[in-house]
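Student: Sequence and predicted structure are below.
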Amino acid sequence: MRKRTVATAAAALTDASAPSAASAADETVSDETSSGMEQDPKHTDGVAADSGIEQPRPKQPPVDRKVTVKINVALVLLTLAAVATRMWRIGTPSKVVFDEVHFRRFASHYIKREFFFDVHPPLGKLLLAVAGLLGNLDPATAFTAIGQDFVEHGDTSYMHMRMLSAMFGIAIVPMVYQCVVELGFSHVAALLAGGFVLLDNAVTLQSRLILLDAQLMFFAMATFLALLKFSNQRVSPFRGAWWFWLVVLGVCLGCCVSVKFVGLFTMALVGVHTVTDLWRYLGEQHTSLVMLLGHFAARVAALILLPIAVYVALFGAHLAMVPNTGPGDPFVSTAFQATLEGSPFATRVRMPKQMVYGADVMLRHVYQPRVWLHSHPYKYPSYPAGEDVGLISSQQQQVTGFGQRDDDGNWWRVEPTDGVITPEGSARVVSNGDVIRLVHLVTNKTLNSHDVAAPVTPSQMEVSCYGPSDMRVPPGEVGHMPLNDKFKIQLVGSPDQDPNVLSLRSQFRLTHVHTQGTLQLTGKRLPDWGFRQYEVSANRQLEGVLGVWQVGNNRHAGLPSEEVAVELGLSFWQKFVELHRAMLAANNQLTVDHDASSRPWEWPFVRRGIPYWWSEPTASKGGQIYLLGNPVVWWACVGGLGVYSVLEIVYAVRRQRGHFDVSERAYTKFYTAGRLCAGGWVLHYGPFFLMQRQLFLHHYLPALLFSVVLTASMVEHVLFRVLRVRRGSVMVGIVALLLTASATSFAFFAPMTYGTTLDGEAIERRRWFSRWSFYVPA
């Protein structure tokens, strides 16, 4: 009687052919035999045990078929442990922790259907909104600061939203386990990888809060697992399982990028693997041109077009969910705002239709950051970079970009510079090519620029307001600064457009006549002396779209106000492109130092964490939540990366010299694991060294997961291939030792993960590095 064996683990199938530690040890004796290990064609690179031709079998009488189910007890227990660590006291603290203040608010905007702006794609926020909706989130209850109490405000939906993150965090553990199995390593090595993720304090904490990192890690590992599953179907292309995992891979890719742009690094990993895989097919003589084209077309459809379709569809869902005007309006153009219900630009606004001489206008920057040209009665400090440091300023009145629309400092009067007097009762329209002067209404000083370094961007020129009180040196003497207040209007767009400057519709540049610098925003914020408003400069080498303006408000006593409408009909694709411009610009502007920010080189060594929350101290005791990786896990992964790097170099050199230390089969497994896992680590870690924006420890977590899989694989490889250990019990003992050390470290730092109350002495015992900025109650 024949039996069909199906290996299951929890709710997911696992590969029954993955070797145990004992069978992996047996392979050190002979790589030519399986030592009792059941073989699977997908782990032999398509070389089947038989000829590949199905042989006729003698007819047998029908018999009952029984199904034997093998339960992977270790994986089940590992998953249950993940449930316990992620769900335990998940409602504590009942206070807003770290960036929960943002993502809970975003969920409320979805429920109120208000347009909002964020630097991340929408999938993670959409899922949190669904969880909040299921938890009866009250959008009228606003949480604006870390430490506010959810329960005191009658909000219990935070539990549902935290549990959503926990569900993703729980699933990461068995997926990492299965990734090791799919790479062809033993279940003991997989247990080590899953245990490392289970017992990491940082991964655990990010899986318990209303944040996006658990979702990002989940989809990154889901993509990696699908990639391995698909690669292991190489021996049977274009069949059901092959197509299934290819489509799953494409969907997971789209979802990964739709949570955070870090998902692009995961896409790069898949892209590199796909190119090398196609190159390998190209070198196989038995692969026909038709088959090769089929492989190429299938991958283009599933790994390029499908992820794009998923990404675009999710953005479509996002925009459909936020059709009304909301707090995101200032980040988009007036044309975009005109598509939002309730926006003042969605209906006709009353103001003079054209900009004329003598009019009072407010000028708004068209692209991100969408702020108003502004001035106020405060001067640039003598040394903008600090006391007696750097270049000196003009010490004239500041000109900035300001986000608040209704401020008197945003109004400017348009004056001619050609001496032509406009007859009383008439108005002269400002047209393309006109040279104008802008006078600040509040201070009666004119907009000015000169060859003085801008305060934050010294490669560009300072823009100021100039008046008689700013004349530090009399005319004719060395050091005198003349009045350079003429700007030329240059319309942007189609040459067939109306040559007159129209309110809300025309877009134009203001070029300083004396220096030929174009008035623009640098995208940088001024220091505290400039009230953190945006720097305005004149730039002879204009960059991108930072110097395009429009008339956002207009008034003139001699002209009637007419109904003026923004050009309507902005398509989905125009809104899609504009939103991405704004998101990328906002990401690049996150350059201000943060107390908890860190540099990438510090992350693998856990040199610095992030304080998320702390309670009010009672009797010199207090609780706090501090993002910190498990030092045993993280340092072990650094070791694993180092061991792989050394072995890769040694193998390459010795193989080049004709010395083959391990079998081709063992080397292929080592090479595949290294190429994918080390490649994933590099691609998810290396790009951060090129970024100048704010960076935090949690940015390292996706890279950590790849290093965990690599480390577990290297432990098995070193034991059975390098050291030639022949007893599987040695592997079991080492894994037990590593997991015991990890569990001890996890428990030691658990109070920082769960917010458990500690006294000052206990907190100080946990401060292993001075840069671990724990809160110690007095």
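Tutor: Right, received. Where do you want to start?
Student: Tell me which stretches of the stretch 101-250 of the chain form strands.
Tutor: Counting by DSSP state E, counting those that start in this stretch, the stretch 101-250 of the chain has no strands at all.
Student: what's the answer for the stretch 651-778 of the chain, then?
Tutor: 758-759.
Student: could you pull out the helices for it?
Tutor: Remark: helices assigned in the stretch 651-778 of the chain by DSSP state H, counting those that start in this stretch are 664-673, 679-685, 701-717, 728-754, 760-765.
Student: and the third one with helix 728-754, angle?
Tutor: Between the axis of helix 701-717 and that of helix 728-754 there is an angle of 160 degrees, by axes from the mean of the first three to the mean of the last three CA atoms, to 10 degrees.
Student: tell me the average confidence for helix 701-717?
Tutor: The pLDDT scores in helix 701-717 average 97.
Student: so what does that helix touch, helix or strand wise?
Tutor: helix 157-182, helix 187-198, helix 201-206, helix 213-231, helix 631-656, helix 664-673, helix 679-685, helix 728-754 (3 or more CB pairs under 8 Å, 6 or more residues apart in numbering; DSSP states H and E). Yep, even glycine has a C-beta here, placed from its N, CA and C like the rest.
Student: before we move on, back to that, what's the most buried one of the helices of the stretch 651-778 of the chain?
Tutor: Mean neighbour count (mean count of other CB atoms under 10 Å) peaks for helix 701-717 among the helices of the stretch 651-778 of the chain, with a mean of 27.
Student: returning to what we had before: so which of the helices of the stretch 651-778 of the chain comes closest to residue 465?
Tutor: helix 679-685 (46.8 Å; CB to CB).
Student: Show residues contacting that closest one.
Tutor: Outside helix 679-685, the residues that touch it by CB atoms under 8 Å, 6 or more residues apart in numbering are 220, 224, 262, 265-266, 268-269, 272-273, 600, 603, 641, 700, 702-703, 706-707, 710.
Student: filter those to the buried ones?
Tutor: Buried subset of the contacts of helix 679-685 (neighbour count, 16 or more other CB atoms under 10 Å): 220, 224, 262, 265-266, 268-269, 273, 600, 603, 641, 700, 702-703, 706-707, 710.
Student: So residue 156 is in contact with residue 150, correct?
Tutor: Yes. If you go by CB atoms under 8 Å, residue 156 and residue 150 touch, sitting 7.3 Å apart.
Student: Name the residue in those two with the higher neighbour count.
Tutor: Legend: neighbour count by other CB atoms under 10 Å for residue 156 and residue 150, higher for residue 150 (22 against 15).
Student: excluding its backbone neighbours, what's nearest that one?
Tutor: Spatial nearest neighbour of residue 150, excluding adjacent residues (CB to CB, 6 or more residues apart in numbering): residue 158 at 4.5 Å.
Student: Check the secondary structure at residue 438 for me.
Tutor: Three-state call for residue 438 (DSSP: H, G, I helix; E, B strand; the rest coil): strand.
Student: what about it, distance to residue 454?
Tutor: 18 Å (CB to CB, to the nearest Å).
Student: Residue 676 too?
Tutor: From residue 676 to residue 454 the distance is 47 Å (CB to CB).
Student: try residue 355
Tutor: 27 Å.
Student: And residue 287, by the same measure?
Tutor: 60 Å.
Student: just residue 715 next, same as before
Tutor: To residue 454, residue 715 is 55 Å away according to CB to CB.
Student: My guess is residue 394 contacts residue 384. True?
Tutor: No. Checked against CB under 8 Å, the pair residue 394 and residue 384 is beyond contact range at 10.3 Å.
Student: Which stretches in the stretch 351-500 of the chain count as strands?
Tutor: 360-365, 372-379, 397-402, 411-416, 435-440, 446-453, 461-466, 487-491.
Student: ok, the fourth one: who's next to it in the sheet?
Tutor: Pointing back at strand 411-416 there. Here strand 411-416 has these sheet partners by DSSP bridges: strand 360-365 (antiparallel), strand 435-440 (antiparallel).
Student: Of all the residues in that strand, which ones are buried?
Tutor: 411-414, 416.
Student: I'd like those laid out as CSV, including distance to residue 85 and pLDDT.
Tutor: As requested, the buried residues of strand 411-416 are exported to CSV (distance: CB to CB, whole Å; pLDDT from 0 to 100):
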residue, distance to residue 85, pLDDT
411, 58, 96
412, 59, 96
413, 65, 94
414, 65, 94
416, 72, 92
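Student: that older thread, residue 287 and residue 454 - which one has more neighbours?
Tutor: Comparing residue 287 with residue 454 by other CB under 10 Å, the one with more neighbours is residue 454, at 25 against 15.
Student: For the more buried one, give its distance to residue 206.
Tutor: 39 Å.
Student: Confirm for me that residue 575 is in contact with residue 337.
Tutor: No. Residue 575 is beyond contact range of residue 337, at 10.6 Å (criterion: CB under 8 Å).
Student: which of these two has more neighbours?
Tutor: Neighbour tally, residue 575 and residue 337, criterion other CB under 10 Å: the higher count belongs to residue 337, 22 against 18.
Student: Got phi/psi on that one?
Tutor: phi -60, psi -30 (degrees, to the nearest 10).
Student: I'd like the distance between it and residue 369.
Tutor: 15 Å.
Student: one step back: closest one to residue 120 among the helices and strands packed on helix 701-717?
Tutor: Of all the helices and strands packed on helix 701-717, helix 213-231 comes closest under CB to CB, at 9.3 Å.
Student: Let me know the distance separating residue 199 from residue 633.
Tutor: Distance, residue 199 to residue 633, using CB to CB: 6 Å.
Student: hang on, I meant residue 181
Tutor: Per CB to CB, residue 181 is found 20 Å from residue 633.
Student: go on, residue 225?
Tutor: Residue 225 is 20 Å from residue 633, by CB to CB.
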